[in-house]
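Undergrad: sequence plus predicted model, see below.
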Amino acid sequence: MGLVLAEEEELRRAVELARFIVREAERSIRWRAQRVLLALILNRGACKGKPMRTKKRTGAMPPIVTVIIIVASVVAAALAAYFIYSTTARGVRQVSLTVIGQPTLYKGSNTIELRVTFKNDGTADVDLAGSIISVQTKNKTVVEFTGPKVVTGSAGLTLTPGVSVALKYTYNTTNVDAVFDNIPDGAMATLQTKDGYQTSFAVAKP
């Protein structure tokens, strides 16, 4: 979201700059026209009875002003086109994680492990580093499993589209049995990445 706002601000500033250039060009044209008009008035007052001399290009737009207007218009159009293209490209690229197999809980000496395999079925990379899996207990509280580590697979914690990886999340506690028994078989779990992506699935006990 912050990136989109930054690009919108950049586009707004570029368009404002283009408008400023066009306004300055128009102001330059008006200023030249006023000078010509003043010269004609003074010439008429000082040379009564004599034909006035006028230049054929009195009302013509100076070439440099034309160039400035064209360049400003091209820059503004190019920035607008780039903004539309980048916004559309981001909209097409989506994150979609699929759970493969059955996520399962295991008891350790001072930890409970949650092993789960994810596959990236989306069109954008998924970064699972720092992700959290929240598992709901029987009394409606939540146990948070953190610190994902790769069990099998060479992809690491960043999944490109079409890639899968088996991960292990842990919950540290000195009361393993009580916490483990408080999590029902088939409990609902929710994965949340640091980028805000979420997906839910059920967990089982061996």
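TA: Okay, I see it. Note that the structure is a prediction, hence the values are computed from the model and not measured. Numbering: from 1, shown residues only.
Undergrad: where does pLDDT dip in this protein?
TA: Along the chain, the parts satisfying pLDDT under 70 run over 1-11, 14-15, 17-18, 21-22, 24-69, 71-73, 75-93, 154.
Undergrad: which residues in it form helices?
TA: Per DSSP state H, the chain carries helices over the ranges 2-46, 63-92, 176-182.
Undergrad: which residue is the nearest non-sequential neighbour of Ser200?
TA: Among residues not flanking Ser200 along the chain, Thr190 sits closest, at 4.7 Å (C-beta to C-beta, 6 or more residues apart in numbering). Heads up, the C-betas are built off the backbone N, CA and C, glycines and all.
Undergrad: could you do Pro206 as well?
TA: That would be Thr104: by C-beta to C-beta, 6+ apart, it lies 6.0 Å from Pro206.
Undergrad: the one you found - how many residues pack around it?
TA: The tally of other residues near Thr104 (other C-beta atoms under 10 Å) stands at 13.
Undergrad: begin at 59 from here
TA: With the count now opening at 59, the last piece we talked about shows up as Thr162.
Undergrad: from Val174, how far off is the residue nearest to Thr210 when sequence neighbours are not counted?
TA: Counting by C-beta to C-beta, 6+ apart, the nearest residue to Thr210 once its immediate chain neighbours are dropped is Ala224, at 4.4 Å. With distances taken as C-beta to C-beta, to the nearest Å, Ala224 is found 8 Å from Val174.
Undergrad: likewise Arg70?
TA: 44 Å.
Undergrad: between the two, which one's more packed in?
TA: Counting neighbours by other C-beta under 10 Å for Arg70 and for Val174 shows that Val174 has the greater number, 24 against 12.
Undergrad: list the contacts for the closest residue to the more buried one other than its chain neighbours?
TA: Counting by C-beta to C-beta, 6+ apart, Val174 lies nearest to Pro161, which is 3.8 Å off, once chain neighbours are set aside. For Pro161, the contacting residues are 172-175, 247, 259-262, by C-beta atoms under 8 Å, 6 or more residues apart in numbering.
Undergrad: can you tell me which of those residues is nearest Ser192?
TA: Ala247 (6.7 Å; C-beta to C-beta).
Undergrad: in this structure that closest one contacts Val193, no?
TA: Yes. The pair Ala247 and Val193 qualifies as a contact (C-beta atoms under 8 Å) at a distance of 4.6 Å.
Undergrad: any residues in contact with both of these two?
TA: Joint contacts of Ala247 and Val193 (C-beta under 8 Å, 6+ apart) are 172, 261.
Undergrad: quick check: the gap between Lys226 and Pro219.
TA: Distance from Lys226 to Pro219, by C-beta to C-beta: 23 Å.
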